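Novice: I need the structure of the sequence given here:
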Amino acid sequence: MFALKFKHHEMTKLSVNINKVATLRNARGGNVPDVVQVARDLEAFGADGITVHPRPDERHIRRSDVYALREIITTEFNIEGYPSEDFLQMVEEVRPHQVTLVPDPPHVLTSNAGWDCVAQLAFLQPIIARLKKGGMRTSIFLNPEVQQVEAACATGTDRIELYTEAYATGYSMHRTEAVRAYQETAVAAHALGLGINAGHDLSLENLAFFCASIPQWAEVSIGHALIADALYYGLENTVQMYQKELGK
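Specialist: Here you go, the predicted model:
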């Protein structure tokens, strides 16, 4: 059983969220560090994709970054965001490989909850249809709740991205308990044909157990912890360390 899981994890993609790189740049002004160059380097160092989450106030990733990144990314480009009309028009112009929809209002610091797909089904269905018509794979941010999976599937989305903060918080106390809801949700989603991504607070400490516990992952998106680790280990080494945790 473990060998089968390990084989699957060789295919799990690591998408690096570079928002924190843009935060550092914006703190000083100018273009250091260069977000576009960092994206190029991450791909060269072995990342399977690049994720950005532009917000209306441009406090980290700017709209201009999104357009510049479109020109140079050679792996997979994932754009996260709340589906306002401005956001939808931008991704329709950029045409990333994947659009991940999050329910964040503009003022929040970071993503902190998944969609209530039962309540928001009528809102999400036409948005997802619109994105898929534009040739973009869709993913929606979801809490690890089995009762949400059927409604998530009914939205028409290609994938879900499980919000992993609860796992990361509970990992040090009781990791088996912390991962259980994710296992159950992943099994339910997989049975309905949904692709499964994961992200938020995954790290070198908790990533390997998380992925070994659930064989269905298509992609993990990691930003804050990876960029913080790079301060100590260097960017190239850090990407390889995370890929190793994924079994590569």
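Novice: from what I can see residue 246 touches residue 220, true?
Specialist: Yes. Assessed by C-beta atoms under 8 Å, residue 246 is found in contact with residue 220 at 7.2 Å. C-betas here are computed from N, CA, C, even on glycine.
Novice: Settle it for me: which of those two has more neighbours?
Specialist: Each of residue 246 and residue 220 has its neighbours counted (other C-beta atoms under 10 Å); residue 220 has more, 26 against 21.
Novice: Return the distance of residue 235 relative to residue 241.
Specialist: Counting by C-beta to C-beta, to the nearest Å, the separation of residue 235 from residue 241 is 11 Å.
Novice: Pull up the overlap in contacts between residue 246 and residue 220.
Specialist: Residues touching both residue 246 and residue 220 (C-beta atoms under 8 Å, 6 or more residues apart in numbering) are 12, 14, 207, 211.
Novice: Which of the residues you listed fall in strands?
Specialist: residue 14 (DSSP state E).
Novice: Compare the shared contacts of residue 246 and residue 220 and tell me which is most surrounded.
Specialist: Using other C-beta under 10 Å as the neighbour criterion, residue 207 leads those with 25 neighbours.
Novice: thinking that one is in contact with residue 244, fair?
Specialist: No. Applying C-beta under 8 Å, one finds residue 207 not in contact with residue 244, separated by 9.7 Å.
Novice: And the residue positioned nearest the centre of the chain, which helix or strand is it part of?
Specialist: Closest to where the C-alpha atoms of the chain average out (C-alpha atoms, centre = their mean) is residue 221, at 3.6 Å. Following DSSP states H and E, one finds residue 221 within strand 217-222.
Novice: Could you list the paired strands of that strand along with their orientation?
Specialist: In the sheet, strand 217-222 lines up against strand 13-17 (parallel), strand 195-199 (parallel) (DSSP bridges).
Novice: list the buried ones in stretch 133-147?
Specialist: Neighbour-count burial for stretch 133-147, counted by 16 or more other C-beta atoms under 10 Å, picks out 134, 136, 137, 138, 139, 140, 141, 142, 143, 144, 145.
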